[in-house]
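Chemist: Sequence and predicted structure are below.
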Amino acid sequence: MKHLVSMKQLTNEQIHALLDRADTFKKDGIRELPGKYTVSNLFFEPSTRTKMSFEMAERKLGMDVLPFEAGFSSTLKGETLYDTVKTLEAIGVDTLVIRHPEDGYYEQLIERTNLSIVNAGDGSGQHPTQSLLDLFTIKEEFGTFEGLTVLIAGDIAHSRVARSNADALKNLGAKVIFLSPAEWAGEFNCVNRWDDVIGQCDVVMLLRVQHERHEGDVYFTKESYHAQYGLTEERAKQLQDHTIIMHPAPFNRGVEIADYLIESPKSRIFQQIENGVFIRAAVLETILTGRN
Ligand code: CP
């Protein structure tokens, strides 16, 4: 694997190999790579978890991390993404981790560069390392995907997390149900009443309401969204005993999820964040050493 840009490029076998490697890293620690590699993290959209956990993984792998600040780079002078990437390649960077607001930004890059690209989120397209850490967290909990029912609920139209997880979960044997207001259903077939599905699911994966992608459309107040489409404390009482709550974060407390539930016993949200370091180390190692 030279690049990781989409979950669609991965077979089930490749997914399981990455999850197994992340599991080894979690149990035994992240081992340094057998050579010296340089990486730069190009984030053209805000990030806390993805950027920091990539950097943590890179440091633990013994990589040189070349700092890049989009707001202080020549992109402000009109440099294109392609030219930024070619420049970093010429400087000697081996791998770029890129988050960019344009869907599929990587299409223009992967055939025209020699370095490796890891997609850390493209617009409303894909977020493969988030999907892998979600899958890792589910596998840690249940040991399998076969026969599980996963409910993905929220602002689905704008969610690269929903898109990345939907196909992967189905291919791995899970049943996926989507719940969303009609305005944010996108290309997905969604239910829009919690009561129809809440008792059936093993995993409830909530999505952030992505106000920054709504271009001024306001359909709900925070309170009305929470009452109609959020996981309220009252609704959570209908979950099965074994059901877990997930969210890629950042979360809007009291909007898509009740404040209390974020750190409740059913929540795996901070476990997801922890797992992000091991998954990102597994992805970088796989790309740089050709393991998979
Ligand atoms: N889940 C996620 O991508 O979070 P950040 O936007 O903080 O990276």
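Modeler: Nice, thanks for sending it over. Residues are numbered from 1 along each chain as shown.
Chemist: give me phi/psi at residue 100?
Modeler: phi -150, psi 140 (degrees, to the nearest 10).
Chemist: Can you tell me how far the residue most central in space within the chain is from residue 274?
Modeler: Nearest residue to the geometric centre of the chain (CA atoms, centre = their mean): residue 130, 2.1 Å. Note on residue 130: its distance to residue 274, by CB to CB, to the nearest Å, is 14 Å. Just so you know, the C-beta spots here come from the backbone N, C-alpha and C atoms, and that holds for glycine as well.
Chemist: burial count for residue 93?
Modeler: With neighbours defined by other CB atoms under 10 Å, the count for residue 93 comes to 20.
Chemist: any weak-confidence spans in the protein?
Modeler: Within the chain, the ranges that satisfy pLDDT under 70 run 213, 216, 292.
Chemist: quick one, strands of it?
Modeler: 38-43, 64-66, 95-100, 116-122, 149-153, 175-179, 190-191, 203-206, 244-246 (DSSP state E).
Chemist: Out of the ones you listed, which is the most enclosed?
Modeler: Comparing the strands of the chain by mean neighbour count (mean count of other CB atoms under 10 Å), strand 203-206 ranks first with a mean of 26.
Chemist: Next one: that one, is it in contact with the ligand?
Modeler: No. Between strand 203-206 and the ligand, judged by CB under 6 Å from any ligand atom, nothing touches; the nearest distance is 11.8 Å.
Chemist: same for that strand, what does it pack against?
Modeler: Here strand 203-206 touches helix 128-142, strand 149-153, strand 244-246, going by 3 or more CB pairs under 8 Å, 6 or more residues apart in numbering; DSSP states H and E.
Chemist: how many other residues sit next to the residue in the stretch 101-250 of the chain that the ligand sits nearest to?
Modeler: For the stretch 101-250 of the chain, the residue closest to the ligand is residue 248, as judged by CB to the nearest ligand atom, at 3.8 Å. Per other CB under 10 Å, the neighbour tally for residue 248 reads 27.
Chemist: residues contacting the closest residue to it other than its chain neighbours?
Modeler: Among residues not flanking residue 248 along the chain, residue 161 sits closest, at 4.8 Å (CB to CB, 6 or more residues apart in numbering). With contact taken as CB atoms under 8 Å, 6 or more residues apart in numbering, residue 161 is in contact with 127, 130, 131, 134, 205, 207, 248.
Chemist: And the second one, how close does it get to residue 91?
Modeler: When CB to CB is the yardstick, residue 130 and residue 91 sit 28 Å from each other.
Chemist: Can you tell me the closest non-neighbouring residue to residue 110?
Modeler: Residue 110's closest residue in space is residue 3 (CB to CB, 6+ apart), at 5.3 Å.
Chemist: now that neighbour: how far from residue 150?
Modeler: 27 Å.
Chemist: Contact residues of the stretch 151-292 of the chain facing the ligand?
Modeler: So the stretch 151-292 of the chain meets the ligand at 248, 249, 250 (CB under 6 Å from any ligand atom).
Chemist: Closest one of those residues to residue 8?
Modeler: residue 248 (18.5 Å; CB to CB).
Chemist: and the closest one, what is it in contact with?
Modeler: Counting by CB under 8 Å, 6+ apart, residue 248 has contacts 49, 127, 130, 134, 161, 207, 208, 272.
Chemist: let's go with 10 Å and repeat that
Modeler: When the contact criterion is CB atoms under 10 Å, 6 or more residues apart in numbering, the partners of residue 248 are 49-50, 121, 127, 130-131, 133-134, 159-162, 164-165, 205-208, 269, 272-273, 276.
Chemist: Ok, residue 99 next?
Modeler: Here residue 99 is in contact with 41-47, 50-51, 54, 70, 105, 118-123, 127, 160 (CB under 10 Å, 6+ apart).
Chemist: Please look at the residue nearest to the centre of the chain and residue 54 and confirm they touch.
Modeler: No. Contact criterion CB atoms under 10 Å: residue 130 and residue 54 do not qualify, at 11.4 Å.
Chemist: Common neighbours of those two, please.
Modeler: Listed contacts common to residue 130 and residue 54 are 120, 276; contacts here mean CB under 10 Å, 6+ apart.
Chemist: Look up how far the ligand lies from the residue in the chain sticking out farthest from the centre.
Modeler: Distance from the C-alpha centroid of the chain peaks at residue 77, with 30.3 Å (CA atoms, centre = their mean). Applying CB to the nearest ligand atom, to the nearest Å, the value for residue 77 to the ligand is 26 Å.
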